[in-house]
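*Asks:* Predicted coordinates and the sequence they were generated for:
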Amino acid sequence: MRWIVTCAWPYINAVPHLGTLVQLVSADVYARCMRKLGEEVLFVSGSDEHGTPIEVEALKRGISPKDLTDRMHRYFCKLIDLFGISFDNYTRTESPVHIKFVQDFYLKVQKNGYIFVEESEQLFCPEDEMFLPDRFVEGTCPYCGYEKTTGDQCEKCGRLLTPTDLINPRCAICGSSPKLKKTKHWYFDLPRFEGHLRSYIEKHEALPQNAKSMSLSMIDEGLRSRAVTRDNRWGIPAPFPGSEGKTIYVWMEAVLGYVSAVKEYFERRGCPEKFDLFWKDPDTRSVYFIGKDNIPFHTIILPALLMASQEGYVLPYNVSSTEFLNYEGDKFSKRFRRGIWMDEALLLLEADYWRYYIISTRPENKDANFTWEDFEAKINNELNDVLGNFVHRVMSFLASRYNGIVPNADLDEESSDFLERCLEVAKRSISYIERFMLKEALKEAMSIAREGNRFFNEREPWRDVKVNRSRSDTTLIASTQAVKIISHVIEPFLPFTAEKLWRMLNLEGDPHSTTFDDMRIMLRSGHTIGYVKPLFEKVSAEELKTRLERIRREIKSEFLLEETS
RNA sequence: AGCGGGGUGGGGCAGCCUGGUCAGCCCGCCGGGCUCAUAACCCGGAGGUCGGUGGUUCAAAUCCACCCCCCGCUACCA
């Protein structure tokens, strides 16, 4: 089986916060796990850099959109690397391969008869010389009289609006009053795929229930055609004859990045023919880690586009969507500086602390809440006390009483039962990952350390080492082996910790390229371990908050890591 | 407003599809044990009748109806 693992393309109008990290880490855990199962995996994503918000942001800064996204993309690549997200290709929507792919793709869709043209009237700002998306028109709500509502939905009374409903409409960018102007757009004939989409979704067992029911109810309500083009300047030029000056709507091109990123990967490696093997072979499964807000783009728009191309692309195998991560009971907010941003996080603690927290609070069924108190508790009482301490008590015992050398003894029944249990738990953890239940999988992985602590306690090797040496030999062999098992099982979640364990155990190779099967291989007696050092340290929420405030005060650059590195 | 998801001991969650053997897990709390280990580890205990109301059933957290609260989407924000 081949796998294409992806997550939603981060929109890079600003440095992303921990919410974005949920999708990145989730996808990474899955990709790493699949690799260690010996599967063929391609893990891709990229920066989503077109669209109005970026155009506006660039306008505000007085630079070109390309300059803005060049810089953001570079910075983002750095963050991804520091968080240990193991992309095979992290690209961007400005990639020439992507641009050409999207243009060719839509010409093909048009040739297949799924594109039509229609004229409509839209608000246009003469000052900025651009058509305004609904969100970028402000005005007074005709229902409740709220004066600062936007053109899609009233922020006060919640009623749905169209921008032309607004009293005194204003351009949200410059404040001048927009005029109605005629414009022509190219539409994707989505309703024609209702039947195919319905049967795809109904028959597709792997799709989770939430994605299914939401998508089916949308189809039941009736799908509408969607405009493919926009009047934006910043974006991929629309390829249709007569569409000069228009660009492709960001969402209608960003979802195709999942395909183009694979194409780019193989072209770069000089084997473009492998692209078909990944995207057109029924033995390939594609999985998407996304937030709940964009399920329909992955269960409806993307499959419909793939169908419309008639290229035989494989349809999404699973769309694993999470709810939202909030911050201390509120939404993350850049404006109010509420939340934690990815670069700030790295200045406070190493990536694995965050990876652990992110997965253990992964909002799989309902919104989750980051609180400093919870963060401190999880890091200290679980990561530190359960995992860190188990590893450390075993390794330091081996170092101080055995000179760091794995002793020679046979396993007794109790200790081989223990190792059998560890392997079973490991297997369960892996199977939870395969079923996209990452939170549960991490819990299982941690419970190996829990088993280990119990085993070590019951066997009391500190007593045996004086009076019954051969029994404590056995205890240590089994316990050290459990540490080795942990180094495998934890790798998808905590890759940096897995590396540390690897070096501490003085194993050959690295924990990333060996398969899970290797965890069964016993450490040889006489093997010398590398070094012993606590894996983690405890954190103090108060201290972290103070440090964060200082960082925000002292580092003026928007790119924190560039100034400090 | 419509649609989708959620509401389970002090906190965080699982169970619900396929009704009984489910009230389970982690943290915290209380008591005990141990001393190899980062005052870490192990064992035991207290604490919930599963948002509300009504219904189906021999039996409901689990199915049905209505209601309340939170989140998201509703197609030109991404």
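*Replies:* Looks like it came in fine.

*Asks:* Tell me the confidence at the residue of the stretch 201-350 of chain A found nearest RNA strand B?
*Replies:* Per Cβ to the nearest atom of the strand, A:Ser217 is where the stretch 201-350 of chain A lies closest to RNA strand B, at 3.4 Å. No exception for glycine: its C-beta is placed from N, CA and C like everyone else's. In this model, A:Ser217 is scored at 86, pLDDT.

*Asks:* Tell me if it really is in a helix.
*Replies:* Yes: when classified by DSSP: H, G, I helix; E, B strand; the rest coil, A:Ser217 is found to be part of a helix.

*Asks:* Can you report how many residues lie near it?
*Replies:* A:Ser217 sits with 9 neighbouring residues when counted by other Cβ atoms under 10 Å.

*Asks:* go on, A:Met1?
*Replies:* By the criterion of other Cβ under 10 Å, A:Met1 has 12 neighbours.

*Asks:* Look up how far A:Ala27 lies from it.
*Replies:* The span separating A:Met1 from A:Ala27 equals 17 Å under the rule Cβ to Cβ, to the nearest Å.

*Asks:* tell me the helices in the stretch 451-565 of chain A, going along the chain?
*Replies:* Taking DSSP state H, counting those that start in this stretch as the criterion, the stretch 451-565 of chain A contains helices spanning A:461-467, A:469-489, A:495-505, A:541-554, A:560-564.

*Asks:* Tell me which of those sits most buried.
*Replies:* For the helices of the stretch 451-565 of chain A, the largest average neighbour count (mean count of other Cβ atoms under 10 Å) is found in helix A:469-489, namely a mean of 23.

*Asks:* Quickly check: that helix near RNA strand B or not.
*Replies:* No: looking at helix A:469-489 against RNA strand B by Cβ under 7 Å from any atom of the strand, there are no contacts, and the closest approach is 9.0 Å.

*Asks:* Mind checking the pLDDT average for that helix?
*Replies:* Rounded to a whole number, the mean pLDDT of helix A:469-489 is 97.

*Asks:* Put the alpha carbons of that helix into CSV.
*Replies:* As requested, the backbone C-alpha atoms of helix A:469-489 are provided in CSV (Å, rounded to 0.1, in the frame of the first residue of the first chain):
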residue,chain,number,x,y,z
ARG,A,469,21.9,-10.9,41.6
SER,A,470,20.6,-13.1,38.8
ARG,A,471,17.0,-12.0,39.5
SER,A,472,18.0,-8.3,39.3
ASP,A,473,19.9,-9.2,36.1
THR,A,474,16.7,-10.4,34.6
THR,A,475,14.8,-7.3,35.8
LEU,A,476,17.3,-5.0,34.2
ILE,A,477,17.4,-6.9,30.9
ALA,A,478,13.6,-6.7,30.6
SER,A,479,13.4,-3.1,31.8
THR,A,480,16.1,-1.9,29.4
GLN,A,481,14.3,-3.8,26.6
ALA,A,482,11.1,-1.9,27.5
VAL,A,483,13.0,1.3,27.1
LYS,A,484,14.0,0.1,23.6
ILE,A,485,10.4,-0.6,22.8
ILE,A,486,9.5,2.8,24.0
SER,A,487,12.1,4.4,21.7
HIS,A,488,10.2,2.8,18.8
VAL,A,489,6.7,3.4,19.8
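
*Asks:* which helices and strands does it pack with?
*Replies:* Other helices and strands packing on helix A:469-489, by 3 or more Cβ pairs under 8 Å, 6 or more residues apart in numbering; DSSP states H and E, are helix A:389-402, helix A:413-434, helix A:438-459, helix A:461-467, helix A:495-505.

*Asks:* could these go into CSV alongside distance to RNA strand B?
*Replies:* What follows is the helices and strands packed on helix A:469-489, written out as CSV (distance: least, Cβ to the nearest atom of the strand, whole Å):
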stretch, distance to RNA strand B
helix A:389-402, 3
helix A:413-434, 11
helix A:438-459, 3
helix A:461-467, 3
helix A:495-505, 10
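
*Asks:* and A:Val15, which of these is closest to it?
*Replies:* Of all the helices and strands packed on helix A:469-489, it is helix A:495-505 that lies closest to A:Val15, at 21.4 Å by Cβ to Cβ.

*Asks:* just to revisit the earlier point, distance to A:Cys33 for the helices and strands packed on helix A:469-489 - can I get that in TSV?
*Replies:* Putting these into TSV (distance: least, Cβ to Cβ, whole Å) gives the following:
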stretch	distance to A:Cys33
helix A:389-402	21
helix A:413-434	4
helix A:438-459	8
helix A:461-467	33
helix A:495-505	11
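
*Asks:* Tell me how many other residues surround A:Gln23.
*Replies:* A:Gln23 has 24 nearby residues by other Cβ under 10 Å.

*Asks:* So it lies in a strand, does it not?
*Replies:* No: with the criterion set as three-state DSSP, the secondary structure at A:Gln23 is helix rather than a strand.

*Asks:* Looks like it contacts A:Trp9 (just checking).
*Replies:* No: between A:Gln23 and A:Trp9 no contact is recorded; they are 9.8 Å apart, counting by Cβ atoms under 8 Å.

*Asks:* Quick one: name whatever helix or strand follows the helix or strand hosting A:Glu55.
*Replies:* Taking DSSP states H and E as the definition, A:Glu55 sits inside helix A:52-61. Taking DSSP H and E as the definition, the helix or strand that follows helix A:52-61 towards the C-terminus is helix A:65-82.

*Asks:* so what's the closest residue to A:Asp464 other than its chain neighbours up against?
*Replies:* Counting by Cβ to Cβ, 6 or more residues apart in numbering, A:Asp464 lies nearest to A:Ser472, which is 3.5 Å off, once chain neighbours are set aside. Contacts were defined as Cβ atoms under 8 Å, 6 or more residues apart in numbering; by that measure A:Ser472 touches A:Arg401, A:Arg459, A:Pro461, A:Asp464, A:Val465.

*Asks:* Low-confidence bits of chain A, can you list those?
*Replies:* When residues are selected by pLDDT under 70, those of chain A lie in A:155-158, A:563-565.

*Asks:* Which residue ranges make up the domains of it?
*Replies:* A:2-103+A:250-347, A:111-248, A:376-520 (automatic domain parsing).

*Asks:* Now tabulate those domains in a markdown table and tack on distance to A:Ser557.
*Replies:* Output for those, formatted as a markdown table (distance: least, Cβ to Cβ, whole Å):
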| stretch | distance to A:Ser557 |
| --- | --- |
| domain A:2-103+A:250-347 | 10 |
| domain A:111-248 | 25 |
| domain A:376-520 | 26 |
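
*Asks:* distance of A:Leu24 from A:Asp70?
*Replies:* Counting by Cβ to Cβ, the separation of A:Leu24 from A:Asp70 is 21 Å.

*Asks:* And these two? Which one has more around it.
*Replies:* Neighbour tally, A:Leu24 and A:Asp70, criterion other Cβ under 10 Å: the higher count belongs to A:Leu24, 25 against 15.

*Asks:* Excluding residues flanking it in the chain, which one is nearest the more buried one?
*Replies:* A:Leu24 sits nearest to A:Ile85 (Cβ to Cβ, 6+ apart), 5.1 Å away.

*Asks:* Let me see the contact set for that neighbour.
*Replies:* In this structure, A:Ile85 makes contact with A:Leu24, A:Val25, A:Ala27, A:Asp28, judged by Cβ under 8 Å, 6+ apart.

*Asks:* contacting residues around A:Glu549?
*Replies:* For A:Glu549, the set of contacting residues under the criterion of Cβ under 8 Å, 6+ apart is empty.

*Asks:* Distance of it relative to A:Lys263?
*Replies:* The spacing between A:Glu549 and A:Lys263, counted by Cβ to Cβ, is 45 Å.

*Asks:* Thank you, goodbye.
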